[in-house]
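> no sequence for this one, just the structure:
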């Protein structure tokens, strides 16, 4: 399950399911809400995300492009080793700022 909270002007999204075809509906709804409401400043906490598939990667890339088009961005925090490897192997990691924890990721929007 994915949940959204706010820290100041930053949307924090946390989940404990794979970012994969079978589990994307909740994440899509949350990201769409974040992107459509204002200049998106989104952090996805990946500390408990066990896995990502190609559909999940496509979603992240599409949402990042939409966020940038609206003057914002999505940042990733604390990806698990497997997710980090998947992001690197596909070079999707090049599209994102990646941080060790959500505090660093959220704070980076203030710079």
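Alright, I've got the coordinates. Predicted model only: the values in this text are computed from it and were never measured. Numbering: from 1, shown residues only.

> so where's the longest helix in this structure?
Ranked by residue count, the top helix of the chain under DSSP state H comes out as helix 54-69.

> Show me what that one is in contact with.
For helix 54-69, the surrounding residues in contact (C-beta atoms under 8 Å, 6 or more residues apart in numbering) are 18-21, 24, 27-28, 31, 35, 40, 42, 44, 52, 73-74, 86-87, 90, 92, 95-96. No exception for glycine: its C-beta is placed from N, CA and C like everyone else's.

> need the next SSE after it, C-terminal direction.
With elements assigned by DSSP states H and E, the helix or strand that comes after helix 54-69 is strand 73-77.

> the strands in the chain, which residues?
Ranges of strands in the chain, per DSSP state E, are 2-7, 10-15, 41-45, 73-77, 97-99.

> so what does the second one touch, helix or strand wise?
Spelled out, it's strand 10-15. In this structure, strand 10-15 makes packing contacts with strand 2-7, helix 24-37, strand 41-45, helix 102-107, judged by 3 or more C-beta pairs under 8 Å, 6 or more residues apart in numbering; DSSP states H and E.
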